[in-house]
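1. Quick check, what structure comes out for this input:
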Amino acid sequence: MRYMFLIYRPDLETLTDSEIAAGVNEASREVILDARAKGVFRGAEPLRPASTATTVRRQNGHAVTVDGPFAETKEQLAGYYILDCENLDEALDWAKRIPCSGEHGSVEIRPIREISLPV
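-> Next up, the predicted model:
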């Protein structure tokens with residue numbers, strides 16, 4: 001089953017360069033390389049800071065565009081991984097290895113709903 005690992009952390013703009021660089025890139029690289037070697041890797045990308053976001057909402061049947069994130073929170077969506085895991089236990093093992101799951105953020109794990117679309 002494919003799982004999406006949603007990485008939440010304080011907005012990168014609130015962290016110092018040393019906090020961002022303190023092993024996050026290398027640790028992410030290690031997780032990705034290991035997941036590829038084990039054949040479970042399906043994708044991973046970091047996101048730009050929440051201040052670069054644009055939100056589209058529907059109001060009275062019309063699309064309304066708003067600068068910035070949808071909600072004001074201390075933690076923002078910072079990136080994601082998609083891994084094909086046997087079960088939730090395996091997904092939890094991977095989540096524990098993903099950088100940003102420590103003291104500076106969290107990783108939310110969600111199974112991806114498989115749907116069949118007509119061709």
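2. which parts of the longest helix along the chain are buried?
-> The longest helix of the chain (DSSP state H) is helix 24-37. Using 16 or more other CB atoms under 10 Å as the test for burial, helix 24-37 gives 24, 28, 31-32, 35. Every residue, glycine included, has its C-beta placed from N, CA and C.
3. Just give me the least confident of the residues you listed.
-> The pLDDT minimum for the buried residues of helix 24-37 sits at V24, where the score is 65.
4. if I look at the most centrally placed residue in the chain, how far off is R113?
-> Centre of the chain computed as the mean C-alpha position; nearest residue by CA atoms, centre = their mean is Y80, 2.4 Å away. Separation of Y80 from R113 (CB to CB, to the nearest Å): 16 Å.
5. ok, now Q76?
-> 24 Å.
6. Between the two, which has more neighbouring residues?
-> Using other CB atoms under 10 Å as the criterion, Q76 and R113 rank with Q76 on top: 22 against 7.
7. That'll do, ta.
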